[in-house]
Every structure is written in structure tokens, then in C-alpha cells.
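[1] need the 3D shape of this:
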Amino acid sequence: LYFHLAKADPDKSLSSFLDALKIRQVFLGTDHRDVATTLNNIGRVYYMRGDYDSSLRVYMEALKIRRSVLGRDHLDVGATVYNTGQTYHQMGRFKEAMELYEEFLCIARARLGHKHRDVAIMLKCMAQVHHEVKEYEKAQTLYEEALSVGREAVGVNHPEVASTLNKLGNLLYEKGDFEAAIKTYREGLQVERSALDPCHPNIVVTLTNIGQIHKHKGELEIALKWYQEALSIQRLSLPSNHPGIAMTLSSIGLLHYQNQAFSLALDTYQEALMIRRANTGEKNLEVAATLNSIGLVLFKMHLYSYALEIFMTSLAIRRSLLGCMHQDVAIILYNIATVQLESGDEAEALKSYQETLRVERAALGNDHGDVVMTLQHIGQIHQQRGALNEALEFLEEALCVHRRISQGGEDDLIAAQILNQMGNIHLQRQETPKVMESFSEAMRIYRRLGRPDSEVVIKGFNYYYMSVCHPEAAASA
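    Modelled structure (predicted):
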């Protein structure tokens, strides 16, 4: 009873099953089929609790008894084979999982036929294994077979069919086949709307999946409509301070930000922040991430003092929860430095970029793209302050690190921009041969990339970037 309640109580279920096991073993012996049934139930409780090692141990014991008593092709054997495979799957032991899934598929096809719901479910499980190890073609074939079998077994408008369509949509999205992914998600959405309650959470997931693809394609207005529809359902079906609403609001805030609707973005992020603070208090990483997003919006609105204050609050939270040498701490430090630089406070900006660099090197190592960008900014500030030797030193290091990261490949746009900066410094130092060398190399890269010569900037500074780190929020089914 405890196991089958709507809100199952795993602890009470486990206690009852263990008591039943002792009784059955005493009266029936250790190799009875009813003992195996109880062991199978115990394994399921351990699985529900996330104790996969205990679950696997008990399932294997149940499987040994069932195979001995019932034979290898009995449906009860198949049930424990499936459960054991599912446990291996959750443990990331994909080879063992696939072997057991294939064994179950043979049993199910032999005993239930090729067009049974359990066959469809198993085909989907096998597809998920291939999906998770990025064997996309094998996964797609199995998802499509699962879809075909499922439609014949349970009809076209069934939640199991919708689930398979969503899995297939996820796969197509990961493959970069966005049009096929949208078509598949929309097909799944139609099934969900036919088979599920209008406010079912699976519908929200599918709506946000579709919105995520449109956002990825740069179709921001279309994406916004899908996210807003998801939010409308959540507002009808969830408490007003539910974390899921905050997640969707964050996605909508990002869309407004990318669409340069900064006032709307600010309002949306502030609502998300209010919900997250109500649920978790101030010291929470999602609160810190939302503060970072608000800081970015305020920066774009040229409200630098407010942006700086918000970034400082986010920094304090991240340092308290992650320590001082974490990549996410470096992101906030970088944003703080950029606000200070844009505000004209070069001295403070330089200190903040130097601290950013120290944290980045500790968290990411010397050879990382974030390190390159920070080195560029430090070089830029030295250049603006007339410390040309120091500026050149940092830019040369940035170019060297970037080329190491590229592993000897052809120079790209970042290399051209660094060379352009170096050319301007040589120009200020009146080093004509080096000016020509740097500008010529930068122009050669621009031309190879199909960029116009006008992108070479002489005596100009246009290097203000923010470390955009808004939380993504499109759930995957």
C-alpha cells in the first residue's frame, strides 16, 4: 500500500517489504517465486530512493531466482531484466544496460508480439542509451521504431507517444536539425493537448522546447510567444512563487534582453528574483545568476552605479557559496571591471581585471578563451593610460595564448583583433615597420574571413564586452 500511494513513502514501503521477505523466506524457502517478487519490489524501492547499488544487488538476486524457477523467457523474468537494465542505465553502465534491454525486447516480442506497448517502451529505452552516448543515427532509428510500434499499440493520441516524440525532438535539436525538431515537438504538443490535462507540466516542457529552438535560430519574437504561453499555463496551475515560474521568467527576460527591450527584461528578471529569494533566501546560486542578469540589463541601460551594486551583491553570494577561485566568480569580476571601465574609472577597472585574470588562471588554467579576453582588456587599459610597454606585453601574451588554444590552426577573428590592437600601440610608439607588420597581418586575416578592410581600426577602442551568463531555462523532456 505504501508503495502504491500517490505520494509513496519509500521508507515505510521498504520496511514492510523487508518484513515480508523474512516471513516468506522462512515459510517458502529462499528460492521461491514469491520471494523473488518481494525482492523485485525491494529493488524498486531502492531505485526510487536513488540507491542504485542496493537496487542492483537485490534485482540480481531476484533475477537469479526467477530464471531458475520460471525459465528465461517468462514475463516476470522480463520485468526484473528490465528493472535491472534500468538501474544499470541510471548508473551510466550503458553496455550492461543495453544487454539487458535487448534481452527484455526478445522476451516481450516472443510473449506479447511485436506491436505491444512494452516493446515500444523498450525501444525508446534503447534509443535513450544511444542518445546519451551521442550515437545519434542509431538512436533516431530506434526512436522512430518506438514511435511506430507505440502508435499501433496505444493509438496516436497517447502520452507514451508524446513522450517518444519529445525524445526524438530533443535528438533532432542536438543534431542541429532545427526544422525537423520543431515539427516533431509540435506533433508531440498536439498529442499532449489531446491526451493530457490542459495545464499538464509536459505541455509546458514542450512549449519551452519549441521556444528554445526559435531562440537559437534568432527568431526572438516567435520564441517569446511560446515561452509566454508556457508561463500562462504555469500561472494557472502552480503557486505564484513556484521555482518553475521563475525559470520561465528568466528565459523570457533573456529574450527581452536579446531583443534590446531592456525595461521589459528588467521587470521580468526582477519578478524571477523575487520568487527565487522567497523560495531560497539570499544565499543561493540561482539568486546570484538572476542578479547577474539584472546587472547586465542595467549596464545596457547605462545605469552603471546600479549595475555595479547588483554585480557586487552577486559576487558576494558566489564567493560565499563557491569560494573565491571559481569560474563563476571570475565572470562577475569581469562584469564589474567592464562597468568600471565604461564608467571611466580605469584604475579600479584595472584592479578588477587583474583579479579576474588571477581567478581565471586558478579555475581554468592559462590556456583558455576567457584568459585571452581578460588579457586584451588589461592591455587596452594600459594603452589608454599611456603605459604602452605594459599594453604590448599583455596583448602579446593574449595572442600567444590564443594561438596555443587554436593548436596551430589558422588565425581567426580574435587573432586579427589582437593584432589590430598591437598595430595601434606600435603606431603610438612610432614603430613604422611593426605597424605595417601588425596591420598587414590583421588585414590578411580579415580578407581570408571575408571581412572588409574597414574593420581594421586605427587609434580606436571598441572593446567593451560583458560576460553574458543568463541562466538558460528550456527544459528537455
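[2] correct me, but H326 touches L333?
    No: between H326 and L333 there is no contact under C-beta atoms under 8 Å: 10.6 Å. Every C-beta, even on glycine, is put in place using the N, C-alpha and C of the backbone.
[3] return every residue with contacts to both of the two.
    V359 (C-beta atoms under 8 Å, 6 or more residues apart in numbering).
[4] of the two, which one has the most company?
    Neighbour count, other C-beta atoms under 10 Å: between H326 and L333, L333 has more, with 27 against 16.
[5] so is the more buried one in a helix, a strand, or just coil?
    The three-state label given to L333 by DSSP: H, G, I helix; E, B strand; the rest coil is helix.
[6] which residues touch it?
    315, 352-353, 355-356, 359.
[7] can we see that at 6 Å?
    Taking C-beta atoms under 6 Å, 6 or more residues apart in numbering, we find L333 in contact with 352, 355-356.
[8] so how do I select the buried members of these in PyMOL?
    Selection of the buried residues among the contacts of L333 in PyMOL, burial being defined by 16 or more other C-beta atoms under 10 Å:
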select buried, resi 352+355+356
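[9] just the ones of the contacts of L333 in helices?
    352, 355-356 (DSSP state H).
[10] would you turn those residues into a markdown table with pLDDT and distance to I445?
    Converted to a markdown table, those look like this (pLDDT from 0 to 100; distance: C-beta to C-beta, whole Å):
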| residue | pLDDT | distance to I445 |
| --- | --- | --- |
| S352 | 98 | 30 |
| E355 | 98 | 31 |
| T356 | 98 | 27 |
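[11] in TSV: those, plus distance to V297.
    Output for the ones in helices among the contacts of L333, formatted as TSV (distance: C-beta to C-beta, whole Å):
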residue	distance to V297
S352	20
E355	24
T356	21
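[12] quick one: contacts of stretch 106-116?
    73, 75, 78, 118-119, 149, 152-153.
[13] and what of stretch 126-134?
    Under C-beta under 6 Å, 6+ apart, the answer for stretch 126-134 is 94, 97-98, 101, 138-139, 142-143, 171.
[14] run the chain-centre distance for stretch 296-315.
    Relative to its chain's centre, stretch 296-315 lies at 25 Å (C-alpha atoms, centre = their mean, to the nearest Å).
[15] straight-line length of it, end to end?
    Length of stretch 296-315, first residue to last, C-alpha to C-alpha, to the nearest Å: 14 Å.
[16] pull out the buried residues from that stretch.
    Quick answer for stretch 296-315 (16+ other C-beta under 10 Å): 296-299, 303-304, 306-308, 310-311, 313-315.
[17] ok, which pair from these is furthest apart?
    Pairwise distances across the buried residues of stretch 296-315 (C-beta to C-beta) peak at 17.8 Å, for the pair L303 and L315.
[18] look at D411 and give its secondary structure.
    coil.
[19] what about the helices in the stretch 301-450 of the chain?
    304-322, 327-342, 346-364, 369-384, 388-405, 413-428, 432-448 (DSSP state H, counting those that start in this stretch).
[20] looking at the ones you listed, which is buried most?
    Compared across the helices of the stretch 301-450 of the chain, helix 327-342 shows the largest average neighbour count, a mean of 24 (mean count of other C-beta atoms under 10 Å).
[21] mind listing what T164 touches?
    124, 146-147, 150.
[22] just the ones of those residues in helices?
    Cross-referencing the contacts of T164 against helices under DSSP H gives 124, 146-147, 150.
[23] just to revisit the earlier point, could you identify the buried members of the contacts of stretch 126-134?
    Here, 16+ other C-beta under 10 Å leaves 94, 97-98, 101, 139, 142-143, 171 buried among the contacts of stretch 126-134.
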